[in-house]
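Colleague: sequence-free structure coming up:
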């Protein structure tokens with residue numbers, strides 16, 4: 001009979017992100033995540049392919065948090081002021097949560113990895129806001145803003 005897993009895949013990204021942010025982007029390890037989860041590194045290896053895989057988990061979680069911050073209440077109704085506020089929120093996230101932002105930037109999900117959807121949704125969200133605000137060059141402005 002197999003033992004029940006103590007690792008919940010649905011919260012692994014958030015738990016890994018907490019370890020990354022507590023220890024620093026360059027200073028965390030798979031062993032640190034295993035310790036935070038209360039499991040052995042070997043048990044964690046049954047669920048992930050290594051540190052890079054955990055980084056994708058953490059970064060997908062951070063990307064979803066950034067996207068939620070960009071959607072948070074209080075945005076101007078429309079136009080350039082809305083885009084400026086979104087840009088300010090983006091930069092504020094990067095400045096106040098540098099380890100989470102580093103995870104977003106450095107993680108490399110495979111092309112067919114469903115966790116990559118978080119990045120796609122964030123890009124789609126930002127692009128749509130810019131295209132709606134800038135009549136003639138929204139696509140170019142969205143790319144420049146990104």
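Modeller: Thanks, I have the structure now. These numbers were taken from a predicted model, which means no experiment stands behind them.

Colleague: the lengthiest helix in the chain - contacts with which helices or strands?
Modeller: Assignment by DSSP state H gives helix 51-71 as the longest helix of the chain. Under the contact criterion of 3 or more Cβ pairs under 8 Å, 6 or more residues apart in numbering; DSSP states H and E, helix 51-71 touches helix 9-23, helix 30-37, helix 80-96, helix 98-106, helix 117-133. Any C-beta I mention is one placed from the backbone N, CA and C, and that applies to glycine too.

Colleague: any chance of CSV for those helices, columns mean neighbour count, distance to residue 61 and mean pLDDT?
Modeller: Below are these laid out as CSV (neighbours: other Cβ atoms under 10 Å; distance: least, Cβ to Cβ, whole Å; pLDDT from 0 to 100):
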stretch, mean neighbour count, distance to residue 61, mean pLDDT
helix 9-23, 18, 3, 94
helix 30-37, 18, 13, 94
helix 80-96, 15, 13, 93
helix 98-106, 19, 8, 97
helix 117-133, 17, 8, 89
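
Colleague: how many neighbouring residues does residue 43 have?
Modeller: 15 (other Cβ atoms under 10 Å).

Colleague: can you check residue 67 too?
Modeller: Neighbour number of residue 67 under other Cβ under 10 Å is 18.

Colleague: that one and residue 123 touch, don't they?
Modeller: No - counting by Cβ atoms under 8 Å, residue 67 stays clear of residue 123, with 9.6 Å between them.

Colleague: circling back to that earlier point, in TSV, list the helices and strands packed on helix 51-71 along with distance to residue 52.
Modeller: Compiled in TSV, the helices and strands packed on helix 51-71 are given as follows (distance: least, Cβ to Cβ, whole Å):
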stretch	distance to residue 52
helix 9-23	12
helix 30-37	10
helix 80-96	22
helix 98-106	9
helix 117-133	15
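
Colleague: residue 55: which of these is closest?
Modeller: Taking Cβ to Cβ, helix 98-106 is the member of those nearest to residue 55, at 6.1 Å.

Colleague: helices or strands up against that closest one?
Modeller: Using 3+ Cβ pairs under 8 Å, 6+ apart, helix 98-106 sits against helix 9-23, helix 51-71, helix 80-96.
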